[in-house]
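Participant: Quick check, what structure comes out for this input:
(2 chains)
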Amino acid sequence: MIVAEQKPIRELVEMVKDFQKILVLGCKGCVTVCNVGGAKEVGVLASALRIWGRKTGRDLQVGEHTLERQCDPEYIEELRGIVGEYDAVISIACGVGPQFVSERYPTARVFPGVNTKFMGGAVAHGIWSERCAGCGQCVVHYFGGLCPIARCSKSLMNGPCGGSADGRCEIHKEVECIWDTIVRKMTEQGRLNELIEFKPPKSWTTARDGGPRSMIREELVK
Amino acid sequence: MSEFKSGSNLEKVLKAGHFAFTGECGPPQGANLEVLKEKARHLKGCVDAVNVTDNQTAVVRMSSWAASLVLIQEGLEPNYQMVCRDRNRLAMQSDILGAYAHGIRNMLCLSGDHQKFGNHPESKNVFDIDSMQLIHMVKEMRDQGVFLNGQEIDEAPRMFIGAASNPFADPFEFRVHRLAKKVAAGADFIQTQCIYNMPKFKEFMKQAVDMGLTEKCYLLAGVTPMKSVGMARYMATQVPGMDVPDELIKRLKGAGKGKVAEEGIKFALEQIEEFREMEGVAGVHLMAIEWEHRVPEIAERAGMLPRPQI
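Facilitator: Modelled structure (predicted):
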């Protein structure tokens, strides 16, 4: 899933301090799963804004709405007749949400309520971890099913750097050295020889380096 | 075609079978050439080549190729370091062409410390290619005369290709394999991380010798004399992938006030003595960090002088 975290309330009120009618817009997709942008969080943020409004003597009207997904025009359409009622929209979907809303409703003032962090998953309750860098050419099968592009601090493809110590990355003791794990796993599987093969430079044309990406599947295009 | 790959002094010294002795020089954090020339004066005549670091520990310094050119002007041979952190394949190849065109003949290919450690931690890193791929790229540029994209080069840069090896990083079992990969990718010589744990290094060297790696490349053992107990403690706890045994720290402490630096040099000299006899070790890489003025004395006491003239 796409993992996000809420922006500090101080930053949010600074964004919307000049507006009176504010819509807090949630998403039932990834951000609901990572407990940052679903219906529950819409309610919490809306309450916080109302309290801030009262404390600062503002006559705020804060609306709440949660879409099935904010990354799909079909659901964004649901906001027709709603967005116009507000001076500002705070989308607490990932970075896709505020953009889909902005693109569909050109006059709306849309603000991001969360910081989109990475593609990953929950490794324990309340702990999320990055797994994918979206490079566009998946190579995890070469590395015991683990991705050094996303998970090595230097995206090394040919083994651990000299900063690996006790299974930890040189940048921080809390960061796993994924190469340590890859080497252990491949050794256990009797496949160390595969890691000894030289991996040539990667083509980044399919990654963000190749320019903003889009995808067309002809059979689905109406 | 010359019998040499690049014809650098370092290559000639190693190929002639001499025990090589290389030094290191960090470019200044500014455009002050006097600082650099001062360091060069200390190293001149004491070493076969001088490593010129590339934004070491991710701190901005004068570019390694520019500082390398200054060393050439001062009559020293540079070993031009390049890290993968700050440049993509376009910038790397163009810098290699420029460096070669101006007389640089040795190159050390490195991953580079993460920028988190440096003085611009907010920067974006590159890591377009990794150190292994860099080694291979420089080799292909030299031996096949082609850029990474296969396009022919109009006068190919002919570098004596170096790589680093850290026998003390984890996972230890993989370290010799990573060295083997670097040799297969095209490394002509290897300079190791600073060695303090001699038993562990011997174990590593035995593996390297057994695998025949020291027949295929020249391995230079890394030595950094400890200047103080504080430095030893810092290296032990703060530098990733560094292995400083407690006994060494105790030994330095035991030297007493005002004598720690001398004890550090003594330890380094004992190491050099041992490396000279160690199978597979072709030389020593002395990284006297901000201690260049002590290099002549260390070289003299280690019996490294005079350096061979080839």
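
Participant: Which residues of chain A lie near chain B?
Facilitator: Residues of chain A lying close to chain B by Cβ under 8 Å from any Cβ of the partner chain are A:153-167, A:170-172, A:177, A:180, A:183-184, A:187, A:192, A:195-196, A:198-201, A:204. Every residue, glycine included, has its C-beta placed from N, CA and C.

Participant: Number of residues surrounding B:P225?
Facilitator: 24 (other Cβ atoms under 10 Å in any protein chain shown).

Participant: The one 10 residues further on too?
Facilitator: The burial metric for B:M235, expressed as a neighbour count using other Cβ under 10 Å, is 18.

Participant: same for the helix or strand hosting it, what does it pack against?
Facilitator: B:M235 is part of helix B:229-238 when elements are defined by DSSP states H and E. Where contact means 3 or more Cβ pairs under 8 Å, 6 or more residues apart in numbering or on different chains; DSSP states H and E, helix B:229-238 is packed against helix B:246-254.

Participant: one more time with 10 Å, if that's ok
Facilitator: For helix B:229-238, the elements it packs on are helix B:246-254, helix B:260-277, judged by 3 or more Cβ pairs under 10 Å, 6 or more residues apart in numbering or on different chains; DSSP states H and E.

Participant: Next, the angle from that helix to helix B:246-254.
Facilitator: 160 degrees (axes from the mean of the first three to the mean of the last three Cα atoms, to 10 degrees).

Participant: quick one: the strands in the chain?
Facilitator: The chain I'm using is chain A. For chain A, the strands defined by DSSP state E cover A:2-6, A:21-27, A:61-67, A:88-91, A:110-112, A:114-124, A:127-132, A:168-169, A:172-176.

Participant: let's do chain B instead
Facilitator: For chain B, the strands defined by DSSP E occupy B:20-25, B:49-52, B:78-83, B:106-110, B:160-165, B:189-194, B:218-223, B:281-286.

Participant: Now tabulate these in a markdown table and tack on mean pLDDT, distance to chain A and mean neighbour count.
Facilitator: Shown next, in a markdown table, are the strands of chain B (pLDDT from 0 to 100; distance: least, Cβ to the nearest Cβ, whole Å; neighbours: other Cβ atoms under 10 Å in any protein chain shown):
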| stretch | mean pLDDT | distance to chain A | mean neighbour count |
| --- | --- | --- | --- |
| strand B:20-25 | 98 | 16 | 26 |
| strand B:49-52 | 98 | 15 | 29 |
| strand B:78-83 | 98 | 10 | 27 |
| strand B:106-110 | 98 | 9 | 29 |
| strand B:160-165 | 98 | 7 | 26 |
| strand B:189-194 | 98 | 6 | 24 |
| strand B:218-223 | 98 | 11 | 25 |
| strand B:281-286 | 98 | 14 | 26 |
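
Participant: can you redo those strands as a markdown table with distance to A:G211?
Facilitator: Converted to a markdown table, the strands of chain B look like this (distance: least, Cβ to Cβ, whole Å):
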| stretch | distance to A:G211 |
| --- | --- |
| strand B:20-25 | 41 |
| strand B:49-52 | 36 |
| strand B:78-83 | 27 |
| strand B:106-110 | 29 |
| strand B:160-165 | 33 |
| strand B:189-194 | 39 |
| strand B:218-223 | 43 |
| strand B:281-286 | 43 |
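
Participant: To B:E122, which of these lies closest?
Facilitator: Comparing the strands of chain B against B:E122 with Cβ to Cβ, the closest turns out to be strand B:78-83 (18.1 Å).

Participant: And the nearest residue to A:G136 once chain neighbours are set aside, how far from B:D130?
Facilitator: Once flanking residues are discounted, A:G136 sits nearest to A:T206: 2.8 Å by Cβ to Cβ, 6 or more residues apart in numbering or on different chains. As for A:T206, its distance to B:D130 is 18 Å (criterion: Cβ to Cβ, to the nearest Å).

Participant: Straight-line length of stretch A:13-20, end to end?
Facilitator: 11 Å (Cα to Cα, to the nearest Å).

Participant: Can you give me the buried ones in it?
Facilitator: A:15-16, A:19 (16 or more other Cβ atoms under 10 Å in any protein chain shown).

Participant: Relative to B:E263, which of those residues is nearest.
Facilitator: Of all these, A:M15 has the smallest distance to B:E263: 60.7 Å, by Cβ to Cβ.

Participant: who's the nearest residue to B:L14 once chain neighbours are set aside bridged to?
Facilitator: In this structure, B:L14 finds its nearest non-sequential neighbour in B:Y218, 4.6 Å apart by Cβ to Cβ, 6+ apart. Beta-bridge partners recorded for B:Y218 (DSSP bridges): B:F189.

Participant: Identify the residues contacting B:Y218.
Facilitator: B:Y218 is in contact with B:10-11, B:13-15, B:20, B:160, B:162, B:187-191, B:280-283, counting by Cβ atoms under 10 Å, 6 or more residues apart in numbering or on different chains.

Participant: want to try CSV for the strands of chain A, with mean neighbour count and mean pLDDT as columns?
Facilitator: Below are the strands of chain A laid out as CSV (neighbours: other Cβ atoms under 10 Å in any protein chain shown; pLDDT from 0 to 100):
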stretch, mean neighbour count, mean pLDDT
strand A:2-6, 21, 98
strand A:21-27, 26, 98
strand A:61-67, 18, 98
strand A:88-91, 24, 98
strand A:110-112, 20, 98
strand A:114-124, 15, 98
strand A:127-132, 15, 98
strand A:168-169, 21, 96
strand A:172-176, 12, 95
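
Participant: List just the one of those that sits closest to A:G210.
Facilitator: Minimum separation from A:G210 across the strands of chain A (Cβ to Cβ) falls at strand A:127-132, 16.7 Å.
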